[in-house]
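Peer 1: Kindly generate the corresponding structure for this input.
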Amino acid sequence: MKTTCEIMVQKVLPAIRAELSRTMIFEHGCTQQDVADILELSRAAVSQYVSEKRGAEVDFSEETQNEIRKFASVLLNKDLSSQEKVDGMCNVCRFVQKSGWLYRNAPGAKACIICEDTDLK
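Peer 2: Got it, this is the predicted structure:
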């Protein structure tokens, strides 16, 4: 059995990064290097996200995709600190949990202990 944290780190966070990468490249015209700089990743990692070698295992709802698109716009339009970027990723991750993705895809999983203080139930 995988813990909730393992599921989120191994599946959801890479999928969020992949969706952010694709959104910034295909909808906003960024280069892979632009995305790498913004997300503080290597260009090779962004390439793997875009080509679906990483982060392709998760299908997000349209509502979640819209939330990720909003965060992509924030990343592109504001000069955020690394901590603000982390906070934004955490907000998207919490949104995924609130959407019920975790419970539909990992029966028996509990809310992430880091996010436990938020209203996920």
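
Peer 1: Tell me who's in contact with the residue nearest the centre of the chain.
Peer 2: Nearest to the centroid of the C-alpha atoms of the chain, with distances taken as Cα atoms, centre = their mean, sits residue 16, at 2.1 Å. By Cβ atoms under 8 Å, 6 or more residues apart in numbering, the residues touching residue 16 are 55, 68, 89, 92, 93, 96. C-beta here means a position set from N, CA and C on the backbone, and glycine is covered the same way.

Peer 1: Give me the distance between it and residue 3.
Peer 2: 19 Å (Cβ to Cβ, to the nearest Å).

Peer 1: same check, this time on residue 106
Peer 2: Computed as Cβ to Cβ, the residue 106 to residue 3 distance reads 10 Å.

Peer 1: Neighbour count: those two, which is higher?
Peer 2: Set side by side, residue 106 and residue 3 show more neighbours around residue 106, with 18 against 13, by other Cβ atoms under 10 Å.

Peer 1: All good on my end, thank you.
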